[in-house]
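>>> 3D model of this:
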Amino acid sequence: MNYTAVYTAIRRRRPLNPRQTTPTSAGPRLKRSLSLVDLIFYGVGCSVGAGIYSLVGIGADLAGPSIAISFLLCGVACCFTSLAYAEFAARVPLAGSAYTFTYVTFGELCGWLVGWNLTLGYAISAAAVARSWAEYVVTFLEALVGKHWALTRSTHFPLSWFGSDYECCPLAMAIIAFCTTILVTGAKESTRFNTAMTIMNLLVLGFVLLVGSTTGTIQSDNLTPIFPHGVAGMARGAGLVFFSYLGFDMCSCLSEEVKNPERNMPIGIVGSLLLSLSIYVAVSIVVLGMAPVNLLGEDVPIVNALLANACCSHVEQLTLADAKDACLSYSCSPIVHPMLHFGSRIISFGAMFGLTAATFACLMGQPRVFYTMAQDGLFFKVYARVHPKTGVPTIGTVLTGIATALVACLIDLEPLANAISLGTLQVFTFVNAGVIILRTSPPPTLEISTNARSQDQEPASDSSLFVGDANTATLGRKKMKPHWLTLFFTIGAIFASAGVAHEKNYCMVFVPTLVCIICGCFLFQLPKSPRPDTFACPMVPVVPMVGIIFNSYMMGSMSLSTWAVVMLWLCFGLLFYFVYGIHRSKLRITENRSGASDQNERLEEVSMFPLLSHAESQSYDSLANHSSH
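Numbers count the residues shown, from 1 in each chain. Here you go, the predicted structure:
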């Protein structure tokens with residue numbers, strides 16, 4: 001494959017036919033069976049899991065009490081991003097989530113890399129949450145029967161052939177196998193299970209808020225100093241916990257299975273995010289106020305917060321030399337607060353519901369991303385198969401479950417929490433930028449070639465984002481302006497944020513900030529396309545630009561080692577694309593077909609869905625005709 005072919009491939013964008021209202025690809029498809037309430041429960045179930053039950057403790061080590069502000073900062077950042085997601089999900093109701101949104105606006109290579117990063121957010125997150133679930137199960141069982149070698153080996157089983165200190169977690173495989181079994185039974189059964197788990201989780205977290213606020217165990221000195229590691233520590237904490245808000249991306253993965261997506265998707269995305277944000281901030285403040293940071297630990301911080309107050313007074317928590325041993329034991333005597341002692345057991349048991357819901361939702365989202373990528377030819381075809389009775393990508397779900405179970409068992413994923421968050425931030429930034437591009441240029445249409453126009457000739461009109469032959473859609477040079485502006489705006493924001501977070505010199509902050517301001521001014525000057533008749537992100541480009549700035553600030557606060565991990569992950573993604581995806585892309589296959597084939601037959605090779613209403617498409621056709629004259 002020569003350079004020109006590669007360059008064409010990476011710029012190629014998924015065409016959308018504005019007048020096509022139903023998918024034309026043959027075979028069983030995902031069924032629209034989910035209501036608005038189901039969607040919100042999926043979003044909350046995916047979000048309020050590992051982030052609240054384990055990352056509170058890990059984040060407190062980085063940021064101290066300001067980890068509650070980190071959750072708030074992430075939530076506010078996600079509010080701006082969720083509005084961009086809501087517009088895309090209403091206009092492009094496909095199962096691929098950010099992958100499809102990026103494929104439409106940036107092209108095939110960027111879309112693939114975003115989909116590859118979503119694997120960090122879903123499959124790897126599911127494996128990490130499964131490990132947290134295993135830790136909570138063992139903690140609960142040890143509280144009932146005491147320590148036992150079988151319980152210890154279930155989460156720390158030595159594998160001597162990998163090294164003397166290498167341990168795996170067999171119990172984590174159990175929850176993944178269980179969730180995968182439920183998922184393949186069908187969408188309705190999966191929805192009932194997720195709703196039940198999420199409701200139980202919310203009841204447990206409500207219990208935490210109740211006992212924390214009514215037992216007098218919240219101490220103000222546990223919350224001071226708020227920034228023990230400075231604002232930079234708070235920013236690093238925000239970067240760590242960011243992937244906890246993946247729930248609204250999960251909602252967008254279900255676009256193809258939701259009834260009335262134009263109305264329900266925006267409400268579900270924004271509603272689930274606001275509910276998750278409120279829970280995170282409230283619970284983190286209560287937990288941090290109940291016990292000193294050094295007693296919370298990294299595995300079961302909520303349990304430790306209740307147990308510390310059940311076994312020790314506040315003074316003892318601060319002064320005892322062996323406070324961890326004395327205050328975090330179920331066999332402590334005397335018990336200072338029996339209700340909290342019993343409550344810690346309830347949390348150990350109840351946390352399993354939240355972590356199960358989070359694992360379940362992540363395992364549901366990942367096969368749907370693979371499903372859309374496989375439909376586009378960029379991933380293995382087996383992932384595009386849908387069971388005709390259940391309407392579920394059964395084979396893809398099972399294969400994803402097997403791979404995730406092996407990863408959860410064999411790899412300690414705790415060090416990857418920052419990498420997962422960084423990958424998620426990159427995905428969110430692409431979606432924000434995509435809305436800017438969609439609104440500052442006429443929406444994508446497929447330009448039909450005629451005999452009078454040669455394939456190498458520039459189109460007479462610049463009104464379309466897609467130029468080229470009848471079979472494909474690529475970015476024209478004149479329409480690359482918003483892409484370059486958003487790119488340099490984002491890069492400038494990241495470097496400026498890195499300068500602030502890592503306290504670099506004045507120039508490290510001033511020059512990138514100046515680049516952001518200049519690019520932002522040019523973006524404001526670009527002509528705006530009409531608002532869609534579905535949900536529209538307000539105040540474009542202001543809202544998505546603010547979302548990019550928030551995301552960039554957290555990305556800039558990440559360490560170089562975290563960036564190195566994500567860059568390595570993306571290199572593997574690039575390798576897969578150039579070895580497999582670029583050769584099997586449906587757009588490439590369509591592109592290479594004979595010009596004698598009928599255009600409608602060629603369009604059926606690619607699954608295409610409506611991006612514009614009929615009225616909008618007519619207005620753009622008029623604009624194109626006017627420009628060509």
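
>>> drop to CA atoms for contacts and neighbour counts, all remaining ones
OK.

>>> ranges for the strands of the chain?
Secondary structure of the chain, counting by DSSP state E: strands at 157-158, 167-168, 466-467, 474-475.

>>> out of those strands, which gets the lowest mean score?
The weakest mean pLDDT among the strands of the chain belongs to strand 466-467, with a mean of 33.

>>> got the contact list for Val283?
Ile52, Leu205, Val208, Leu209 (C-alpha atoms under 8 Å, 6 or more residues apart in numbering).

>>> same thing with Val303?
Counting by C-alpha under 8 Å, 6+ apart, Val303 has contacts Ser344, Arg345, Ile347, Ser348.

>>> for the closest residue to the second one other than its chain neighbours, give its distance to Trp133.
It stands for Arg345. Nearest non-adjacent residue to Arg345, counting by C-alpha to C-alpha, 6 or more residues apart in numbering: Phe140, 6.4 Å away. Distance, Phe140 to Trp133, by C-alpha to C-alpha, to the nearest Å: 11 Å.

>>> pick out whichever of these two has more residues nearby.
Trp133 (30 against 22; other C-alpha atoms under 10 Å).

>>> could you measure from the more buried one over to Phe370?
For Trp133, the distance to Phe370 (C-alpha to C-alpha) stands at 25 Å.

>>> ditto for Val509
39 Å.

>>> so those two - more neighbours on which side?
Using other C-alpha under 10 Å, the more surrounded residue of Val509 and Phe370 is Phe370, with 29 against 20.

>>> check contacts around the residue lying closest to the more buried one once chain neighbours are set aside.
Computed as C-alpha to C-alpha, 6+ apart, the closest residue to Phe370 that is not its neighbour in sequence is Tyr383, at 6.1 Å. By C-alpha under 8 Å, 6+ apart, the contact set of Tyr383 is Pro367, Phe370, Tyr371, Ala374, Pro393, Ile395, Gly396.

>>> for the residues you listed, work out which two are farthest apart.
Comparing all pairs in the contacts of Tyr383 by C-alpha to C-alpha, the longest separation belongs to Ala374 and Ile395, at 12.3 Å.

>>> tell me which of those two has more neighbours.
In this view Ala374 and Ile395 are compared by other C-alpha under 10 Å, and Ala374 has more residues nearby, 22 against 17.

>>> surely the more buried one meets Val386?
No - assessed by C-alpha atoms under 8 Å, Ala374 is found out of contact with Val386, at 11.6 Å.

>>> which residue is the nearest non-sequential neighbour of Ser522?
That one is not Ser; residue 522 is Phe. Leu485 is the one closest to Phe522 (C-alpha to C-alpha, 6+ apart), at 7.5 Å.

>>> what's around that neighbour, how many residues?
21.

>>> ok, Trp484 next?
Using other C-alpha under 10 Å, Trp484 has 12 neighbouring residues.

>>> do the same with Arg32
Neighbour number of Arg32 under other C-alpha under 10 Å is 16.

>>> list phi and psi for the residue nearest the centre of the chain.
Of all residues in the chain, the one closest to the mean position by C-alpha atoms, centre = their mean is Leu246, 3.8 Å from it. The phi/psi pair for Leu246 (degrees, to the nearest 10) reads phi -70, psi -10.

>>> show me the contacts for it.
Taking C-alpha under 8 Å, 6+ apart, we find Leu246 in contact with Gly43, Cys46, Ser47, Gly121, Thr424.
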